[in-house]
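Participant: Sequence isn't available, so here's the structure alone:
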């Protein structure tokens, strides 16, 4: 395994570690007054799309990658319809930013839930044996 693949595996399994490292790097190396956490969250959202299926597959040997993608598309469709009903003229970039940030929140809470349920379940199974 190469060093790059090792780092990618660590970040897929620990996306919040990636979020923290990226936030610190953006804060340190960019001089602009931009939303560093927002940028780090945007990139971490992409990592979360891989982290949730990997975590579910690890704990329960069940592949949900396609399901996560379908749910994200449905969320994007709902946001687009709501935006269209409210403003009649859709601005693509702000709409995409809203969808992406909502996906960060939804995927983060899903990842934390899957991780906690999986760990608790493994502990209970281990104690019961």
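Facilitator: Perfect, thanks for sending it. Just so it is clear, the model here is predicted, and its values are computed rather than measured.
Participant: Low-confidence stretches in this protein?
Facilitator: 1 (pLDDT under 70).
Participant: Report the central residue of it.
Facilitator: Centroid-nearest residue in the chain: residue 48, 2.8 Å away (criterion: CA atoms, centre = their mean).
Participant: quick one: contacts for that one?
Facilitator: Taking CB atoms under 8 Å, 6 or more residues apart in numbering as the criterion, residue 48 is in contact with 15, 103, 104, 107, 108, 111. All C-beta spots, glycine's among them, are computed from the backbone N, C-alpha and C.
Participant: by contact count, what packs against the lengthiest helix in the chain?
Facilitator: In the chain, taking DSSP state H as the definition, the longest helix is helix 92-128. Under the contact criterion of 3 or more CB pairs under 8 Å, 6 or more residues apart in numbering; DSSP states H and E, helix 92-128 touches helix 36-60, helix 65-87.
Participant: Work out the gap between the shortest one and the centre of the chain.
Facilitator: Think helix 65-87. Put simply, helix 65-87 sits 16 Å off its chain's centre (CA atoms, centre = their mean, to the nearest Å).
Participant: try the longest one
Facilitator: In terms of CA atoms, centre = their mean, the centre of helix 36-60 is found 3 Å from the chain centre.
Participant: got the angle between that helix and helix 92-128?
Facilitator: In terms of direction (axes from the mean of the first three to the mean of the last three CA atoms, to 10 degrees), helix 36-60 departs from helix 92-128 by 40 degrees.
Participant: Check which residues of helix 36-60 are buried.
Facilitator: Buried residues in helix 36-60, counted by 16 or more other CB atoms under 10 Å: 36, 40-42, 44-45, 47-56.
Participant: From residue 14, how far off is the residue nearest to the centre of the chain?
Facilitator: Separation of residue 48 from residue 14 (CB to CB, to the nearest Å) stands at 11 Å.
Participant: again, but for residue 57
Facilitator: From residue 57 across to residue 14, the span is 16 Å (CB to CB).
Participant: Also residue 29?
Facilitator: 22 Å.
Participant: Compare these two (neighbour count), which wins?
Facilitator: More crowded of residue 29 and residue 14, by other CB atoms under 10 Å: residue 14, with 15 against 7.
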